[in-house]
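Enquirer: missing the sequence, but the structure's below:
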Ligand code: PLP
């Protein structure tokens, strides 16, 4: 049985050229980038080349891109950097109720350090109110931290609008589900952008942080100190193969951006169209203008977890929400959207990638229809 992987917001399969380049790096280019000899220099240059790829893709300065261990570290580093500045202590951080736990947990800690945290509500489209945001922004506001794309329903947040409202606050954008997926103009207006490698066909354990040093903030406080690697922003011997991997993943994406976008939109539209026409009593939790990579649908009278495992028996892999929240009770995102318990319980997230195929989509809908009917029938016998 060949598997059909539709859990690409949890993680993606590394691209073939990513794997090749990483293997080569481990086999041949294994010098320590800080070593003075040629092998060290070669590794250093490979890292520099990856940084150039990310900087060029974002059209920013190379020295403003720092490699980290992933999205979580980037987000933590951005938020905890506020602690470095005594004058910012006691300030207000504005975020939303639908952020990833990497942000929500970091904000919890900031509260214990005397910062005031305001979490904006969202409506049934998973959108914040810009008026509510405007009302909260005041002289005390030191940071606005908001995701580019919601990882559960794909809602695209109005980062550019927020940038216009922010006044003196630093705008941090968790672009983990947006980078190399949606138009970069979305998150480019942020002062700090968090990125993860494994969501874009790169390896796990690598991410990046862009921060606009030109914006005048001597802002960044390293989370990890030591040998002063990454321009003193992130110590520890660089994960050269992973850095090369994320660079290659971004390069591959940038080369094929419009074709990838076209394919992903086609798969999502077909999936949505078929589910909506073939299966009754559903609720589509992703809006039409959401990211083409994410489709969240609730099936009434079905427990998402049961459906997930039942699809798994046919080699189809989906998720009930985010990988981080799927082991906890219910989705904090769907609840924040005001969606009732019965629909929350039956939610499934299909997350697409450029590696899917249109015939996979057709098969998923056939199987899905049978499975949903079967589960509903079994439920009605109880
Ligand atoms: N932010 C969002 C929106 C995510 O979806 C994720 C991962 O699921 C993260 C942050 C954390 O990224 P990482 O897994 O690279 O730590």
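Expert: Arrived safely, thanks for sending. What you see is a predicted model; the values in this text were computed from it and never measured.
Enquirer: tally of neighbours for residue 181?
Expert: Residue 181 is flanked by 29 other residues according to other Cβ atoms under 10 Å. Any C-beta I mention is one placed from the backbone N, CA and C, and that applies to glycine too.
Enquirer: which ones are touching the residue lying closest to it once chain neighbours are set aside?
Expert: Residue nearest to residue 181 in three dimensions, not counting chain neighbours: residue 293, with 5.4 Å by Cβ to Cβ, 6 or more residues apart in numbering. Residue 293 sits next to 8-9, 149, 154, 177, 181, 264, 268, 351-353 when contact means Cβ atoms under 8 Å, 6 or more residues apart in numbering.
Enquirer: got the residues of this protein near the ligand?
Expert: Residues of the chain found near the ligand (Cβ under 6 Å from any ligand atom) are 70-72, 75, 100, 102, 147, 151, 174, 176-177, 196, 198, 207, 322-324.
Enquirer: could you turn the buried ones of those into a PyMOL selection?
Expert: Remark: buried members of these, expressed as a PyMOL selection using 16 or more other Cβ atoms under 10 Å:
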select buried, resi 70+71+72+75+100+102+147+151+174+176+177+196+198+207+322
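Enquirer: so which of the residues of the chain next to the ligand are in strands?
Expert: Among the residues of the chain next to the ligand, the members falling in strands (DSSP state E) are 147, 174, 196, 207.
Enquirer: closest one of the residues you listed to the ligand?
Expert: Closest approach between those and the ligand, by Cβ to the nearest ligand atom: residue 196, at 3.2 Å.
Enquirer: what kind of secondary structure is residue 223 in?
Expert: With DSSP: H, G, I helix; E, B strand; the rest coil as the basis, residue 223 sits in coil.
Enquirer: how many residues are close by it?
Expert: 19.
Enquirer: residue 337 touches residue 128, doesn't it?
Expert: No. Residue 337 is beyond contact range of residue 128, at 11.5 Å (criterion: Cβ atoms under 8 Å).
Enquirer: can you show me the helices along the protein?
Expert: 16-27, 38-58, 71-80, 101-112, 130-136, 159-165, 185-188, 240-278, 304-312, 332-336, 341-345, 358-381 (DSSP state H).
Enquirer: can you give me the buried ones in the first one?
Expert: When neighbours are counted by 16+ other Cβ under 10 Å, the buried residues of helix 16-27 are found to be 18, 21-22, 25.
Enquirer: quick check, nearest of those residues to the ligand?
Expert: residue 18 (15.4 Å).
Enquirer: show the contacting residues for the residue in the stretch 51-200 of the chain that the ligand sits nearest to.
Expert: The stretch 51-200 of the chain approaches the ligand most closely through residue 71 (2.5 Å), counting by Cβ to the nearest ligand atom. Applying Cβ under 8 Å, 6+ apart to residue 71 gives the contacts 100, 102, 174, 176, 194-196, 199, 207.
Enquirer: pLDDT weak spots in this structure?
Expert: Residues of the chain that meet the criterion pLDDT under 70 lie in 214-218, 321-329, 380-382.
Enquirer: try 90 this time
Expert: By pLDDT under 90, the low-scoring segments of the chain are 1-2, 84-87, 184-188, 211-221, 321-330, 378-382.
Enquirer: the closest residue to residue 132 other than its chain neighbours - how many residues pack around it?
Expert: In space, residue 132 comes closest to residue 120 once its chain neighbours are excluded; the distance is 5.8 Å by Cβ to Cβ, 6+ apart. Number of residues near residue 120 (other Cβ under 10 Å) recorded here: 20.
Enquirer: now do residue 38
Expert: Neighbours of residue 38 (other Cβ under 10 Å): 9.
Enquirer: got the contact list for it?
Expert: residue 31.
Enquirer: and if you look at residue 37?
Expert: Applying Cβ under 8 Å, 6+ apart to residue 37 gives the contacts residue 31.
Enquirer: that one and residue 100: what is the separation?
Expert: Counting by Cβ to Cβ, to the nearest Å, the separation of residue 37 from residue 100 is 41 Å.
Enquirer: circling back: from what I see, the residue nearest to residue 132 and residue 135 are in contact.
Expert: No. Assessed by Cβ under 8 Å, residue 120 is found out of contact with residue 135, at 10.1 Å.
Enquirer: neighbours of residue 278, how many?
Expert: Applying other Cβ under 10 Å, we find 13 residues neighbouring residue 278.
Enquirer: what's the closest non-adjacent residue to it?
Expert: residue 369 is the one closest to residue 278 (Cβ to Cβ, 6+ apart), at 4.9 Å.
Enquirer: wouldn't the one you found be in contact with residue 277 here?
Expert: No. With contact defined as Cβ under 8 Å, residue 369 does not count as touching residue 277 (10.1 Å).
Enquirer: what's the nearest residue to residue 237 if we skip its chain neighbours?
Expert: residue 32 (5.9 Å).
Enquirer: ok, residue 9 next?
Expert: Spatial nearest neighbour of residue 9, excluding adjacent residues (Cβ to Cβ, 6+ apart): residue 351 at 3.7 Å.
Enquirer: same deal with residue 238?
Expert: residue 33 (5.1 Å).
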